[in-house]
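Enquirer: Fold the following, please.
(2 chains)
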Amino acid sequence: EDQVTQSPEALRLQEGESSSLNCSYTVSGLRGLFWYRQDPGKGPEFLFTLYSAGEEKEKERLKATLTKKESFLHITAPKPEDSATYLCAVQGGLANNLFFGTGTRLTVIP
Amino acid sequence: DAGVIQSPRHEVTEMGQEVTLRCKPISGHDYLFWYRQTMMRGLELLIYFNNNVPIDDSGMPEDRFSAKMPNASFSTLKIQPSEPRDSAVYFCASSYGHGYGYTFGSGTRLTVV
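Expert: Modelled structure (predicted):
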């Protein structure tokens, strides 16, 4: 059964304090691992897709990495506007749907 | 493109009433997904369509839930009769092909009292 576990559930950072969010997954035949950002009252917004172990992608202060068991979302020198819930999802096997974790709620304090 | 459009944004209804949620996917996208989000369970897939055909409805909680996609530009999710435990935010998402990121709508916050 597909499983996605995100940690921590919540994270408070001072502005400029770099950190990482973790996404551990179990899926038969990973086809893709996805990161989304969700702001309060809005739908998830697509950030990255990673397809194979060793792959990395970057966007502004965010960098996503992938191993065979987990993915990390590294946030470098975060700003208050990076505050949001970050969701991880996997797509595996023959399924075309995404299976989501419950997210990490990030708060960046000025 | 205006993105995925959902209506209404908020719906408050009494237990036992019928509720219909609506979604207009991005033009050209061939997959459409309905998700439900709660604090306890996060985002759960209810059903998805490919080229207007339902492919997997195993996430639909019970027979009170039904979904249709009569054409490529419109889908509905209906709950009849509604119950308080159906209260959640319902999201529609669409994508072109599989293996790519979905585009989500802004959601419908449903409250059943």
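Enquirer: Where does the prediction get shaky in chain B?
Expert: Under the criterion pLDDT under 70, the flagged ranges of chain B are B:1, B:99.
Enquirer: Which residue lies nearest the spatial centre of it?
Expert: B:Trp34 (3.3 Å; C-alpha atoms, centre = their mean).
Enquirer: hmm, who's touching the host helix or strand of that residue?
Expert: Per DSSP states H and E: B:Trp34 is located in strand B:31-38. With C-beta atoms under 8 Å, 6 or more residues apart in numbering or on different chains as the test, strand B:31-38 has contacts from A:96-98, A:100, B:23, B:25, B:43-50, B:67, B:69, B:75, B:77, B:88-98, B:102, B:104, B:107. (C-beta placed from N, C-alpha, C; glycine too.)
Enquirer: Mind listing the residues bridging to A:Ala89?
Expert: Beta-bridge pairing of A:Ala89 under DSSP bridges involves A:Phe34, A:Phe100.
Enquirer: My guess is it contacts A:Asn97. True?
Expert: No. Using C-beta atoms under 8 Å, A:Ala89 makes no contact with A:Asn97, being 9.2 Å away.
Enquirer: Up against chain A, what does chain B have?
Expert: Chain B comes close to chain A at residues B:4, B:31, B:33, B:35, B:41-45, B:48, B:50, B:55-56, B:91, B:93, B:98-107, as judged by C-beta under 8 Å from any C-beta of the partner chain.
Enquirer: Quick one: name the residues of chain A near chain B.
Expert: A:31-32, A:34, A:36, A:41-46, A:49, A:51, A:87, A:89, A:91, A:95-103.
Enquirer: which among these end up buried?
Expert: Buried members of the residues of chain A next to chain B, scored by 16 or more other C-beta atoms under 10 Å in any protein chain shown, are A:31-32, A:34, A:36, A:43-44, A:46, A:49, A:87, A:89, A:91, A:95-103.
Enquirer: quick one: which of the residues you listed sit in strands?
Expert: Mapping those onto strands (DSSP state E) picks out A:Arg31, A:Gly32, A:Phe34, A:Tyr36, A:Phe46, A:Thr49, A:Leu87, A:Ala89, A:Gln91, A:Phe99, A:Phe100.
Enquirer: what two of these are the furthest from one another?
Expert: Using C-beta to C-beta, those span at most 17.5 Å, a distance reached by A:Arg31 and A:Leu87.
Enquirer: what number of residues lie near B:Met39?
Expert: Neighbours of B:Met39 under the rule other C-beta atoms under 10 Å in any protein chain shown: 8.
Enquirer: Relative to A:Thr85, how far out is it?
Expert: 11 Å (C-beta to C-beta, to the nearest Å).
Enquirer: ok, now B:Thr108?
Expert: From B:Thr108 to A:Thr85 the distance is 19 Å (C-beta to C-beta).
Enquirer: Out of the two, name the residue with the larger neighbour count.
Expert: B:Thr108 (22 against 19).
Enquirer: Run a quick check on that one versus B:Thr20, I expect a contact.
Expert: No. Assessed by C-beta under 8 Å, B:Thr108 is found out of contact with B:Thr20, at 10.0 Å.
Enquirer: Are there residues contacting both of these two? Which ones?
Expert: What both B:Thr108 and B:Thr20 touch, as defined by C-beta under 8 Å, 6+ apart, is an empty set.
Enquirer: For residue 70, the count of nearby residues, please.
Expert: All of this refers to chain A. 16.
Enquirer: Oops, wrong one, chain B.
Expert: B:Pro70: 9 neighbours (other C-beta under 10 Å).
Enquirer: Lovely, talk soon.
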